[in-house]
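Enquirer: Generate a structure from the sequence data that follows.
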Amino acid sequence: MVGTVGNESAPWSSTAQIRGTGETPTKWRIPSSAFQEALQDTATQSGLFKSVNSDRAADYQLEASLFSQQATLPWGSYILMVGAKYKLIETASNKEIWSGSFYTECEASSFDILSGPATNECAMRKNLLQLFDNLSRLSL
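Expert: Numbers count the residues shown, from 1 in each chain. Modelled structure (predicted):
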């Protein structure tokens, strides 16, 4: 994640450093690079931080990792599931401000599952939206 985006109306007058990791990609799994990029984009679009970056010191560090990516076939369509855990750390004190884990899912057709990593994007986006919904409720 490169670059800094300023937001004068950000509710938190701070910056965030984003670090995200994912599992080893298979045909339909989300690669680490895609998770990192989606995390960066969602953090920037959330407007919670004055700026968002991954390459320099910031007021907060958001750590994220995918711990589960699964597909099940219950009734002729796939249910794609993503589990991710997150930590928000205040860098000055190295204190964990918030942590949480979310498990989200989306349905996909047999055709969708064959198209590759994008088929799990819906579940990943839901997970990130849940993360930033929770972070928006913090008063920092």
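
Enquirer: make it CA atoms for all contacts and neighbour counts henceforth
Expert: OK.

Enquirer: quick one: the helices in this protein?
Expert: For the chain, the helices defined by DSSP state H occupy 32-46, 110-114, 121-136.

Enquirer: what residues are up against Cys106?
Expert: By C-alpha atoms under 8 Å, 6 or more residues apart in numbering, Cys106 lies in contact with Ile79, Leu80, Met81, Asn120, Cys122, Ala123.

Enquirer: ok, back up a step: could you say which one of the helices of the chain comes nearest to Leu73?
Expert: Taking C-alpha to C-alpha, helix 110-114 is the member of those nearest to Leu73, at 9.0 Å.

Enquirer: what mean pLDDT does the closest one have?
Expert: When pLDDT is averaged along helix 110-114, the result is 59.

Enquirer: got it, and stretch 38-55?
Expert: Across stretch 38-55, the average pLDDT comes to 87.

Enquirer: Off-centre distance for that stretch?
Expert: Relative to its parent chain, stretch 38-55 has a centroid offset of 10 Å by C-alpha atoms, centre = their mean, to the nearest Å.
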